[in-house]
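> I'd like to go over a predicted model; first the sequence, then the structure.
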Amino acid sequence: MAQIIKSAKPVATRPIKSGQPLGAILASMGLDRCLPLIHGAQGCSAFAKVFFIQHFNEPIPLQSTAMDPVTTIMGSDENIIKALATICEKNNPRLIALMSSGLAEAQGAEMTRAIKAFRQTHPKFERTEIVHLNTPDFYGSMENGYATLVESLIEQLVPEQKIRSVRKKRVNFLLSHMLTPGDIELIRDYAESFGLQPVMIPDLSMSLDGHLTRSDYHSVSQGGTDLTALKQAGQSAATLVIGSSLQRAGQILQSRTGVTSHYFPHLMTLSEMDRFIVTLQQIAERPVAAWVERSRGQLQDAMIDTHTWVNSRTLAIGAEADLLSAWVNFARSVGILPISVVAPVNQPSLSAIPTDSVHVGDLQDLLDGITISSSMPDFLLANSHGADLADELHVPLIRIGFPVYDRFGEFRRTRQGYAGMRDTLFEFANLSQSRHHGRPIYHSPYKQSFDLPAYEVAHV
C-alpha cells in the first residue's frame with residue numbers, strides 16, 4: 001500500500017487541481033440534450049467554459065444563475081427560479097444539471113427549495129428533468145464533482161425496483177472521468193462485438209468526439225446518454241463500473257435496482273483487460289470476436305518489440321486518483337518505474353496505487369519528489385499545466401487528464417483497452433529512442449595510416 005504524504009505548504013504554487021464544478025460539467029456533457037447550470041456568479045461559469053473550449057475545441061453550452069453581491073447576502077432562490085424558467089423557455093433541454101459553486105455553498109443556498117418553488121410556479125415545464133448536486137470548489141476536485149453527478153443521476157432519475165424485468169442483452173457502463181471519447185468508443189465496440197447493447201453513462205463519445213454538426217451552435221449538449229435509457233438502467237443484465245471514483249455509484253445503482261455491478265479500476269493493464277473481456281463473454285455467452293483476439297496479440301507483440309526501450313525507465317506523474325491508478329499500474333506492468341507521484345487531493349483509492357508513496361499537493365511537490373529521488377525521470381505525465389516544468393527539466397511531457405489546451409486531438413486519444421495500451425507503448429518507446437545517444441565511434445590512438453602505392457590505388 002502506498003503511503004499518503006500531505007503537503008506542508010500553505011498554498012499551491014504550481015497547481016494541477018481542477019474544482020468539482022468542472023467535473024460535474026464534464027459528466028453533464030455526456031448526457032443528451034443536457035444544459036449544466038452553475039448556481040453562482042457569472043465568472044464561475046466563464047472560467048470553466050474557457051477551459052472546456054480550449055480542451056475540446058468545441059462550443060460548450062453552460063449557464064449560471066448570475067449571483068451578485070445583493071443576492072449573495074439577501075438570498076438567491078429567485079435567481080435559480082428565473083434561470084430555470086429562462087432555460088426551459090429558450091433552450092428546451094431534456095435535462096438541467098443544477099450544481100452549486102463555492103459562492104453558493106458559502107452562502108448556504110438551498111437548491112431543493114428553489115426547485116420546488118419553480119415546479120409550483122411553472123408547471124408547464126414538468127417534462128424537463130432537473131438534477132441538483134452540491135459541488136463546492138473549495139473541497140475535493142474534478143474527480144469528486146464528476147462522480148457526484150453520476151451518483152445524483154442514479155439517485156434522482158433511476159426508480160427503485162423490487163421486482164424488475166431483465167433485458168439480457170443490455171449492459172450499463174459507468175465511465176470515469178479518466179476515459180476519453182476515444183476510450184469510450186472502443187469500450188462500446190468491445191461490448192457490441194458480443195452482441196450486447198451498451199448504455200454508456202455518461203457518453204462523451206457521442207457528444208464531444210470532435211465531429212461536425214449540421215448547425216454551428218447548440219444551446220444544449222448533442223448526443224450522449226439518452227435519458228430514457230438512463231431511467232431504464234434497472235432493466236439491464238449487469239453494470240460494469242470503470243474507475244475507482246464511480247464504485248459508490250455502482251453500489252447505489254445495485255442497491256436501488258438489484259443490477260449486479262462488476263468493478264474495474266481501469267483498463268490499462270493486460271490482466272484487467274482480460275478480466276473485462278471475460279466478464280463481457282460471460283454476460284453475453286458468446287465467443288470472443290476475432291478482431292478482439294487480434295488486438296490483444298498486437299499488444300503482446302508491441303510489448304516484445306518495445307521492452308528494451310521502456311524497461312527500467314522512470315516517470316514522474318501528477319494527476320487525479322483514477323488516472324494515477326491507471327497509469328502507474330500500466331507503467332509497472334511494462335517495467336517503467338514511478339519515482340514521484342502526486343495527486344491534487346486525497347482520495348480513498350490512492351493507498352491502493354502500487355508505489356511507495358503518493359504526495360498530495362501540486363507540481364512543486366512533484367519536483368520536490370524528483371529532487372529527493374536524486375534521479376531525473378525519463379518521462380513526465382501531467383496535464384498542460386506541466387509543460388513549463390517539463391521544459392525546465394528537459395524531459396518529454398506526455399499529456400494526460402484535464403485540461404490539455406496546447407495540443408490538438410489529445411482530448412480523444414485512446415489510452416485504454418488493447419489498442420490504447422499498444423499505442424501508448426509505442427509512444428513511450430519512440431520518446432525513449434529519440435533521446436538515446438549512442439556511443440561515438442572509437443578511434444584507436446595506435447591506428448597506423450599509410451599511403452598505398454600508385455599501382456595499388458589504381459586497382460582499388
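Now that the structure is in, tell me what you want to look at.
> what's the domain layout of this structure?
With domains defined by automatic domain parsing, the chain comprises 20-157, 167-291, 296-433.
> of all those, which one is nearest Ile5?
Proximity to Ile5, assessed across the domains of the chain by Cβ to Cβ, is greatest for domain 296-433 (4.9 Å). Where you see a C-beta, it was placed from the backbone N, CA and C, and this is true even at glycine.
> average model confidence for the closest one?
The average pLDDT within domain 296-433 is 96.
> what about His177, helix or strand, and which?
Under the criterion DSSP states H and E, no helix or strand holds His177.
> and it, what pLDDT?
97.
> so what's it up against?
23, 26-27, 142-143, 146-147, 243, 245, 320, 322, 402 (Cβ atoms under 8 Å, 6 or more residues apart in numbering).
> mind giving me a markdown table with the domains of the chain and columns for distance to Gln3?
Converted to a markdown table, the domains of the chain look like this (distance: least, Cβ to Cβ, whole Å):
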| stretch | distance to Gln3 |
| --- | --- |
| domain 20-157 | 20 |
| domain 167-291 | 18 |
| domain 296-433 | 4 |
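> so which of these gets nearest Ser7?
Here domain 296-433 is closest among these (Cβ to Cβ), at 3.4 Å.
> so how far does that closest one reach from one end to the other?
This stretch, domain 296-433, spans 24 Å end to end (Cα to Cα, to the nearest Å).
> nearest to Ala8, out of the domains of the chain?
It's domain 296-433; of the domains of the chain, that one is closest to Ala8 (Cβ to Cβ) at 9.0 Å.
> in terms of helices and strands, where is Ala97?
Here Ala97 is assigned to strand 95-100, by DSSP H and E.
> buried stuff in that strand?
Using 16 or more other Cβ atoms under 10 Å as the burial criterion, the residues of strand 95-100 that qualify are 95-100.
> quick one: the strands in the stretch 201-350 of the chain?
Taking DSSP state E, counting those that start in this stretch as the test, the strands found in the stretch 201-350 of the chain are 236-242, 261-264, 314-318, 337-343.
> mind putting those in a markdown table, mean neighbour count and distance to Leu253 included?
Shown next, in a markdown table, are the strands of the stretch 201-350 of the chain (neighbours: other Cβ atoms under 10 Å; distance: least, Cβ to Cβ, whole Å):
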| stretch | mean neighbour count | distance to Leu253 |
| --- | --- | --- |
| strand 236-242 | 23 | 6 |
| strand 261-264 | 17 | 7 |
| strand 314-318 | 25 | 31 |
| strand 337-343 | 24 | 26 |
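> same list, those strands, but as TSV with distance to Ser434 please.
Below are the strands of the stretch 201-350 of the chain laid out as TSV (distance: least, Cβ to Cβ, whole Å):
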stretch	distance to Ser434
strand 236-242	32
strand 261-264	33
strand 314-318	16
strand 337-343	20
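> got a list of contacts for stretch 286-299?
With Cβ under 8 Å, 6+ apart, stretch 286-299 has contacts from 190, 193-195, 270, 273-274, 277, 281, 417-419, 421-422, 425.
> make it 7 Å
Stretch 286-299 is contacted from outside by 190, 193-195, 270, 277, 281, 418-419, 421-422, using Cβ atoms under 7 Å, 6 or more residues apart in numbering.
> what do you get for stretch 358-374?
2, 4-7, 9, 12-16, 316, 318, 339-343, 345-346, 350, 376-377, 382, 385-386, 389.
> in helices, which of these fall?
Among the contacts of stretch 358-374, the members falling in helices (DSSP state H) are Leu389.
> tell me what the one helix or strand Ile81 maps to is packed against?
Per DSSP H and E: Ile81 is located in helix 77-91. Secondary-structure packing of helix 77-91 (3 or more Cβ pairs under 7 Å, 6 or more residues apart in numbering; DSSP states H and E): strand 34-39, helix 111-121.
> tell me the most buried of these?
With neighbours taken as mean count of other Cβ atoms under 10 Å, the helices and strands packed on helix 77-91 reach their highest mean count in strand 34-39, at a mean of 27.
> please tell me how far Ala66 sits from Leu103.
11 Å (Cβ to Cβ, to the nearest Å).
> joint contacts of those two?
With Cβ under 7 Å, 6+ apart as the test, Ala66 and Leu103 both reach Ala41.
> residues touching Gly75, list them.
With contact set as Cβ under 7 Å, 6+ apart, Gly75 has no partners.
> and if you look at Ser18?
141-142, 402 are the contacts of Ser18 under Cβ under 7 Å, 6+ apart.
> so which of those sit within helices?
Those of the contacts of Ser18 lying in helices (DSSP H): Met142.
> now distance to His177 and neighbour count too, for the contacts of Ser18, in TSV please.
Below are the contacts of Ser18 laid out as TSV (distance: Cβ to Cβ, whole Å; neighbours: other Cβ atoms under 10 Å):
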residue	distance to His177	neighbour count
Ser141	10	24
Met142	6	28
Phe402	7	24
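> and for Leu84, the neighbour number?
25 (other Cβ atoms under 10 Å).
> now it. Nearest residue, chain neighbours left out?
Of all residues not flanking Leu84 in the chain, Phe118 sits nearest, at 4.9 Å (Cβ to Cβ, 6 or more residues apart in numbering).
> quick one: pLDDT of that neighbour?
pLDDT, read off for Phe118, is 96.
> can you check Ser205 too?
93.
> can I assume it is in contact with Asp183?
No. Counting by Cβ atoms under 7 Å, Asp183 is not a contact partner of Ser205; they are 8.2 Å apart.
> report all helices and strands that the strand holding Ala97 contacts.
Applying 3+ Cβ pairs under 7 Å, 6+ apart, we find strand 95-100 packed against helix 20-28, strand 34-39, strand 129-133.
> who touches that strand?
Taking Cβ under 7 Å, 6+ apart as the rule, strand 95-100 contacts 21, 24, 28, 31, 33-39, 84, 87, 109, 111, 128-136, 149, 227.
> quick one: closest of the helices and strands packed on helix 77-91 to Ser236.
strand 34-39 (20.9 Å).
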